[in-house]
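>>> next input, structure requested:
(2 chains)
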Protein chains: 2
Amino acid sequence: MNLGVFLAGTGHHVASWRHPRAQKDGSMNFNYFKELAQTAEKGKFDLLFLADSLSINPKSHPNVMTRFEPFTILGALAQATSKIGLVATASTTYSEPFHIARQFASLDHLSAGRAGWNVVTSSIPDTAKNFSGTEHLEHSLRYERADEFVDVVQGLWDSWEEEAFVRNQEAGVFFDSSKYHELNHAGDYFQVRGPLNVERTPQGQPVIVQAGSSKDGMALAAKYAEIIFTAQNNKEAAQAFYADIKKQVQENGRKADDVKILPGIFPIIGATEEEANQKYQELQDLIQPEVGLSILSTALGGFDLSGYPLDGPLPEIDVEQSNAVKSRAQLIIDMAKRDELTIRQLYQYVAGSRGHHIFVGTPTQLADKLEEWFKDGACDGFNVMPPLLPEGLDQFVNDVVPILQERGLFRKEYQAPTLRGNLGIDEPLNRYTNGSDHES
Amino acid sequence: MNLGVFLAGTGHHVASWRHPRAQKDGSMNFNYFKELAQTAEKGKFDLLFLADSLSINPKSHPNVMTRFEPFTILGALAQATSKIGLVATASTTYSEPFHIARQFASLDHLSAGRAGWNVVTSSIPDTAKNFSGTEHLEHSLRYERADEFVDVVQGLWDSWEEEAFVRNQEAGVFFDSSKYHELNHAGDYFQVRGPLNVERTPQGQPVIVQAGSSKDGMALAAKYAEIIFTAQNNKEAAQAFYADIKKQVQENGRKADDVKILPGIFPIIGATEEEANQKYQELQDLIQPEVGLSILSTALGGFDLSGYPLDGPLPEIDVEQSNAVKSRAQLIIDMAKRDELTIRQLYQYVAGSRGHHIFVGTPTQLADKLEEWFKDGACDGFNVMPPLLPEGLDQFVNDVVPILQERGLFRKEYQAPTLRGNLGIDEPLNRYTNGSDHES
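Okay, here's the model as predicted:
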């Protein structure tokens, strides 16, 4: 099984920053991130993952309000670690393919082959206001742009074939011009000549990660993704998602095994079930109503809930009319109906776990659950989202990983020096190598 | 005196990569950069500087053809060093202020106050072809955009006042909303709401560096720059530039001392003059004619020299008609006339030193020259551009720095933990602090 850890400020629980054992300034404390990364590497995690945002909502989720810019901190973490994969979010909505191709290629060199790019589109209308009033693109257009963006980035990554740089000092030949390729891309959103000014990277190309679970998001994932992060609350839905994606992947002419599906898991671990439940309640009790409401409202595409009683039901909401991350919003609405939750119960649930799969129990119970999902075809592993850091990661590494290792479910040592190597995913062939017809 | 070191692949001499003592793959070898940075820190340099480019000219200067992306490598170097300033070029022509503000702010946090931004406009028409055919902006418009760009970035850096983040766990107050500021900038080139999602940085704001010596470039420098890099070939011209800039700085209501002017110096150091001359000739003899011509042509704004005899004079060139870095192109043309150089002699000179001040001699002679310029009001220090790395930097640190220290011209220990502190430049006051009227 493959394991990622999703690092976020004081932890994934929205009220984690208020917990007495939190590192209050965690979101901008590099030594703290360094220790977390080293703990995850000690636990033989495949990768650590940093989300990102290009704007602030001052009303919600204070522990990720400010944060390090991903490329600068991952450059730094590349020096503080030697085996773990380094995955960062970068948006296709407000950047240019040349910049993104270059930053991940550079990170792949600096980390000796451990870089991964979580491809996202920016769904928050406020972000447009930080980028010169760029019209906020409608959902399906954002995905059209993202598709072309990834295609261009991968094309730029192929600019130089392996061993293009001969550096023959005597002859004065720096590179082999037959291994140099201009991309000359001309599409609907981008025109990019190339070549990239970074050599082919240790992994051939950095790993592509995708996390959108909408129809458009799944199509993009099936075409490009090598890792998929997803929010799945029950095994049956996860199995259906898994089968669906693997099928789409094969329809794209790719091998099912070349995509690793890692649902998020939000584990609250205690020595006993009772202790775990207490820990969970301790965190839930720290959620402030205005913060919870604001997060719920954002998750529902900005729907204004302020006029509705907290202890009444969720009103009817038409997700299709909104610019929300539709798949996630629908999941929340469906759950509210199914479990007859009040707005307060719903915001506690959503704000607490952010829609991800909550687990509350002992290390052995958690290992049982992870094994069950893995063996029953619900996933290829998990993206672990500790509610409270560093404690939640320490517990996972010290108490859960050894059980998984004991059962033969998880590596005891890294198999390879690169992220691809540990995932067991092949290096992509350069499109220009061996007379392929991709040259444009 | 303040000293910077400009790190570039195998060295600043265009043929350095062909030298037997060069690190041939230096431009993309992180351990090599790490050692260079640590050597410069051992030499108590104020800063190391990395130039940048957003396109490749396959015909010129192979040792910087591929390179690390600046933010990723500076993030990494922030961990490999603890005192030296980390200055990177970032273009205002093909990025957005929010991204740049964020990356430098993040680097300033990761380095505990050592970040500097060399503000440039992109003058290479080919670069536009990597950014979706964006019309390549004419020289003065590029500077208009740059001016507004820097203004927005500095505004974003003021988004949060000192100690805005109170993180009161009991009261549930994460930040003091009176210290939170949206920028709401609406200008000709950019509309940016803010705030930045990075806390106020250890230096208050990262240091602004500028290197354009055209009229527009100098005006921008006088308004914003705290360090100025400049190409000056003789002391009198350097004195005139120094006096002119310091006057313009004061006309902008700033203190003359708040701007440090650091001309480039390209030192070829030998134990004897003869050894130094030999070393220089050794490098010059390695320049290939097609490389030299291409670099000269680029420096002259793309003027095609291929029809002219190599051993004849430079034809008449009208710099004003070109999109070149005008100040530098004029300097080259003036020198060719004054010294009656052939095209071959001119390309050897320009390709070798890239228009910067060449010094050839012993460590004592170099120290004398640096002292003379410094004492005679030609500069506040130097940006050292070793022709061949790592050798040129090792020699400067081992043989020249001790003489400067002995003479009381240069620090023996870092005075401060931040770049600003070592430069002796005050932290800027946040525009919103103490009821200033800058709030928009």
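>>> okay, helices next: where are they in the stretch 301-440 of chain A?
Assigned by DSSP state H, counting those that start in this stretch, the helices in the stretch 301-440 of chain A fall at A:326-338, A:343-353, A:363-375, A:391-395, A:401-406, A:419-423.
>>> would a markdown table of those with distance to B:K260 be doable?
Every residue, glycine included, has its C-beta placed from N, CA and C. Formatted as a markdown table, the helices of the stretch 301-440 of chain A follow (distance: least, C-beta to C-beta, whole Å):
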| stretch | distance to B:K260 |
| --- | --- |
| helix A:326-338 | 51 |
| helix A:343-353 | 49 |
| helix A:363-375 | 57 |
| helix A:391-395 | 44 |
| helix A:401-406 | 52 |
| helix A:419-423 | 42 |
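>>> and of those, who's closest to chain B?
The closest of these to chain B is helix A:343-353. By C-beta to the nearest C-beta, the value is 13.2 Å.
>>> what residues of that closest one count as buried?
A:343-344, A:346-353 (16 or more other C-beta atoms under 10 Å in any protein chain shown).
>>> test my guess that A:A115 contacts A:R102.
No. In this structure, A:A115 is not within contact of A:R102 by C-beta atoms under 8 Å, at 11.7 Å.
>>> what about these two, which has more around it?
A:A115 (31 against 26; other C-beta atoms under 10 Å in any protein chain shown).
>>> show me what that one is bridged to.
A:L86 (DSSP bridges).
>>> before we move on, the earlier item: among the buried residues of helix A:343-353, find me the one that's closest to A:E406.
A:S353 (27.8 Å; C-beta to C-beta).
>>> tell me the confidence at the closest one?
Per-residue pLDDT puts A:S353 at 73.
>>> give me the nearest residue to it, chain neighbours excluded.
A:F266 (4.4 Å; C-beta to C-beta, 6 or more residues apart in numbering or on different chains).
>>> and the helices in the stretch 101-250 of chain A?
Counting by DSSP H, counting those that start in this stretch, one finds helices in the stretch 101-250 of chain A at the ranges A:125-128, A:139-157, A:215-224, A:235-251.
>>> which one of these lies nearest to chain B?
Evaluated over the helices of the stretch 101-250 of chain A, closeness to chain B peaks at helix A:125-128, with 7.5 Å, by C-beta to the nearest C-beta.
>>> how distant is that closest one from the center of its chain?
Taking the mean of its C-alpha atoms, helix A:125-128 sits 20 Å from the chain's own mean (C-alpha atoms, centre = their mean, to the nearest Å).
>>> return the distance of A:Q169 relative to A:I265.
Going from A:Q169 to A:I265 by C-beta to C-beta, to the nearest Å gives 54 Å.
>>> who has more neighbours, those two?
Higher neighbour count among A:Q169 and A:I265: A:I265, with 25 against 16, using other C-beta under 10 Å.
>>> list the contacts for the residue of the stretch 201-350 of chain A found nearest chain B?
Among all residues of the stretch 201-350 of chain A, A:Q288 sits closest to chain B, at 5.0 Å; criterion: C-beta to the nearest C-beta. Residues near A:Q288 by C-beta atoms under 8 Å, 6 or more residues apart in numbering or on different chains: A:15, B:172.
>>> 6 Å - rerun?
By C-beta atoms under 6 Å, 6 or more residues apart in numbering or on different chains, the residues touching A:Q288 are B:G172.
>>> continuing past the helix or strand encompassing the residue nearest to A:S353, what's the next helix or strand?
Per DSSP states H and E: A:F266 is located in strand A:260-269. Counting by DSSP H and E, the element after strand A:260-269 in chain order, helix or strand, is helix A:273-284.
>>> do any residues in that following helix lie close to chain B?
No. Figure legend: helix A:273-284 not in contact with chain B (C-beta under 6 Å from any C-beta of the partner chain); closest approach 12.6 Å.
>>> now the angle from that helix to helix A:363-375?
Taking axes from the mean of the first three to the mean of the last three C-alpha atoms, to 10 degrees, helix A:273-284 and helix A:363-375 form an angle of 80 degrees between their directions.
>>> which element is encountered next along the chain beyond helix A:273-284?
In N-to-C order, the element after helix A:273-284 by DSSP H and E is helix A:289-299.
>>> buried stuff in that following helix?
Quick answer for helix A:289-299 (16+ other C-beta under 10 Å): A:291-299.
>>> what of stretch A:51-66?
A:51-56, A:60-66.
>>> report the mean per-residue pLDDT for that stretch.
82.
>>> one more: stretch A:315-330?
Here the average pLDDT along stretch A:315-330 is 78.
>>> mind listing what's buried in it?
By 16+ other C-beta under 10 Å, the buried positions in stretch A:315-330 come out as A:317, A:319, A:322, A:324-330.
>>> could those residues be laid out in TSV, adding distance to A:K235?
Formatted as TSV, these follow (distance: C-beta to C-beta, whole Å):
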residue	distance to A:K235
A:I317	27
A:V319	24
A:S322	29
A:A324	25
A:V325	22
A:K326	23
A:S327	18
A:R328	18
A:A329	22
A:Q330	19
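>>> let me know the closest of those to A:L370.
With C-beta to C-beta as the yardstick, the closest approach to A:L370 among the buried residues of stretch A:315-330 comes from A:R328, at 22.3 Å.
>>> so the closest one versus A:V319, what's the distance?
Counting by C-beta to C-beta - A:R328 and A:V319 are separated by 9 Å.
>>> residue in the stretch 301-440 of chain A with the shortest distance to chain B?
Proximity of the stretch 301-440 of chain A to chain B (C-beta to the nearest C-beta) peaks at A:L388, 12.8 Å away.
>>> what does chain A give?
Using C-beta to the nearest C-beta, A:G75 is the residue of chain A that sits closest to chain B, at 2.7 Å.
>>> count the neighbours of that residue for me.
By the measure other C-beta under 10 Å, the count of residues near A:G75 is 31.
>>> got the phi/psi numbers for the residue nearest to A:V401 when sequence neighbours are not counted?
Spatially, and ignoring its direct neighbours in sequence, A:V401 is nearest to A:G43 (4.8 Å; C-beta to C-beta, 6+ apart). Main-chain torsions, A:G43, degrees, to the nearest 10: phi -80, psi 0.
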